[in-house]
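Chemist: Here is my input, please return the structure:
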Amino acid sequence: MTTESLLHQKTQELLTAAGLDEKKKDKDFVSRLFQHLPVIQRLFGEIYAAHPEAENQFIKLIQSLIQSYQNREKGLRKRDEEKAKKDFWFLSNELAGMSLYVDRFAGDLKSMPETLPYLEELGVNFLHIMPIFESPEDESDGGYAVSDFRKVDERFGTLEDLISLRKKMHAKGMYLMLDIVLNHTSHHHEWAQKAKAGDKYYQDFFYTYDNRWIPNEF
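Modeler: Numbering: from 1, shown residues only. Predicted coordinates for the structure are as follows:
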């Protein structure tokens with residue numbers, strides 16, 4: 001049996017164990033998962049193929065995708081289905097995007113919904129929000145030195161404010177994208193703190209140096 005066949009079989013087992021209805025209710029998700037599985041595997045392999053835990057971690061990734069789908073709001077699932085019908089929807093010339101910093105554009109997330117009519121007037125229906133997650137003051141690297149990816153920085157508002165904005169945008173048929181670089185953290189991040197404390201497991205998550213010479217080159 002080829003590697004591709006084994007992967008297909010293992011994914012099928014995970015779907016069955018999760019109790020997904022592959023013929024009706026969950027048919028679209030299952031179809032998309034198998035359609036993109038080879039690409040996901042190739043991209044994962046480009047980074048982790050030589051890692052001894054690569055195979056187990058890839059299976060965990062597939063499990064995570066399935067669990068995320070199961071936990072996804074019904075409204076978001078419906079949008080997923082609508083986008084899937086358009087195939088490469090993100091390449092559509094019907095989309096007009098705009099990037100902005102929330103605080104400089106509207107003050108905070110709670111005020112953002114008030115700007116939606118203005119964005120619609122401009123013809124903008126795809127909003128790309130620059131980093132809003134918690135980062136240390138005066139050393140945030142433009143918001144990319146994140147200390148907690150699960151918490152909106154209080155300067156911008158709360159997670160509830162973000163969810164509210166997303167729902168109001170979706171009600172207008174608009175799209176919301178968050179700028180997140182997951183391989184770039186602040187030294188205040190929980191994993192970085194554990195790595196600095198000597199935890200070998202978390203030290204493997206980072207490149208570490210004896211001095212600033214190499215980092216300063218970049």
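
Chemist: Name the residue closest to the centre of this structure, please.
Modeler: Geometric centre of the chain, nearest residue: I180, 7.0 Å, by C-alpha atoms, centre = their mean.

Chemist: so what's E13 up against?
Modeler: The contact partners of E13, by C-beta atoms under 8 Å, 6 or more residues apart in numbering, come to none. For every residue, glycine as well, the C-beta is placed using N, CA and C.

Chemist: in the chain, which ranges drop under the pLDDT threshold?
Modeler: 1-3 (pLDDT under 70).

Chemist: Domain-wise, how is it divided?
Modeler: 3-85, 93-178 (automatic domain parsing).

Chemist: and of the ones you listed, who's closest to T185?
Modeler: domain 93-178 (5.6 Å; C-beta to C-beta).

Chemist: And the closest one, how far out from the chain middle?
Modeler: Chain-centre distance of domain 93-178: 14 Å, with C-alpha atoms, centre = their mean, to the nearest Å.

Chemist: how long is it from one end to the other?
Modeler: 20 Å (C-alpha to C-alpha, to the nearest Å).

Chemist: does F126 really touch K172, like I thought?
Modeler: No. Using C-beta atoms under 8 Å, F126 is not in contact with K172, being 11.8 Å away.

Chemist: the more surrounded of these two?
Modeler: Taking other C-beta atoms under 10 Å, F126 and K172 do not tie; F126 has more neighbours (18 against 12).
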